[in-house]
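Enquirer: predicted coordinates and the sequence they were generated for:
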Amino acid sequence: MITRRIQERMASLEPHFSPLALKGTLVGLLIAAVAVPLALVAIPYLDMFNDMAVQPKGKAQGLYGLNFDQGRIVDRMPVAGTLPMDYEPYPFAGKDEKTAKRAEKALKNPLPPTMAVLHRGQKIFHDYCRTCHGVEGQGDGPIVGPDLFPAPPSLHTDAARKFPDGRIFHIITRGQNNMPSYADKIKPRDRWAVIHFVRALQRTLHPKPEDLRP
C-alpha cells in the first residue's frame, strides 16, 4: 500500500499544461516543420553561398526587380569596352545621301556568286525581304497594298539595278525611307549573299546576252 505521503509527492510531480500553452506548442511545431525545410533549400542561394551558377537571371521582356536593376527591362547595355560575338563594326552612320555615296564607293562584295551563296541569299531574302519586296522583288509583298504598308520601289528599276553592291549593303544595314535597318537581324555575310540573289532576280527580267545563249 502506498502511503499518503508518497501519493502527495507523486501528485506534485505531474506536469501541468494550460490549453493556451498546448496550442502555442503545436503552432510552433507546425511553423518549424514548414520553415526549416524551406530554409535548408534557400541556404545555397544566399549571397554568402553564391557563385556563378546561382545568380539572378531576367526573362526576355521581363523585369529584374528593384533589388537588382531598379525594375528595368532586361535589355541592358553591354559592358563598356566589350563587343558581342560575331560583331563587325560598321563605319557609315546615317541614311543620308552623302553617307550612302561614301559607303557604295568603299564597300565591295567579298563573296563569290556561287550556288551555295545564291541559295543562302534566297533563304534570307524569303525570310526577311519577301514580305515587302515580293517573291520576284516587284514590291508586291503580302503585307503591302491599300490599307496595308506602303509598297517599296521595285528592285528592277533602272536606279536599283545601277546601285553598286555597297549601296545596297548600306541600305540593308541602315535602312532607307520607310525601310528600317536590318543590321540586328541579318548578319553582314548574309547581307552580301542577299545582294547576289537580288542581282540574280534582276537578271531574270533584264538578262544579259550571255544569259540567253542556249
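Expert: Perfect, I can see it now.
Enquirer: helix or strand with the lowest mean pLDDT in the protein?
Expert: helix 66-69 (a mean of 46; mean pLDDT, DSSP states H and E).
Enquirer: which other helices and strands contact whichever helix or strand comes after that helix?
Expert: Using DSSP states H and E, the helix or strand that directly follows helix 66-69 along the chain is helix 97-106. Helix 97-106 makes packing contacts with helix 165-174 when contacts are defined by 3 or more Cβ pairs under 8 Å, 6 or more residues apart in numbering; DSSP states H and E. Heads up, the C-betas are built off the backbone N, CA and C, glycines and all.
Enquirer: state the mean pLDDT of the longest helix seen in the chain.
Expert: For the chain, the helix that runs over the most residues, judged by DSSP state H, is helix 19-42. In this model, helix 19-42 has a mean pLDDT of 77.
Enquirer: do the same with stretch 103-113
Expert: On average, stretch 103-113 scores 95.
Enquirer: can you give me the buried ones in the helix or strand where I124 lies?
Expert: Following DSSP H and E, one finds I124 within helix 115-124. Of all the residues in helix 115-124, those buried under the rule 16 or more other Cβ atoms under 10 Å are V117, L118, R120, G121, Q122, I124.
Enquirer: any idea which helix or strand comes after it?
Expert: Per DSSP H and E, the first helix or strand lying C-terminal to helix 115-124 is helix 130-133.
Enquirer: need the residues that contact that following helix.
Expert: For helix 130-133, the surrounding residues in contact (Cβ atoms under 8 Å, 6 or more residues apart in numbering) are F125, G139, G141, P142, I143, V144, F149, A151, P152, L155, M179.
Enquirer: could you report the distance from the fourth one to L148?
Expert: Per Cβ to Cβ, to the nearest Å, P142 is found 9 Å from L148.
Enquirer: could you do the second one as well?
Expert: G139 sits 12 Å away from L148, going by Cβ to Cβ.
Enquirer: more neighbours: which of the two?
Expert: More crowded of G139 and L148, by other Cβ atoms under 10 Å: G139, with 17 against 10.
Enquirer: may I have the phi/psi pair for the more buried one?
Expert: phi 80, psi 30 (degrees, to the nearest 10).
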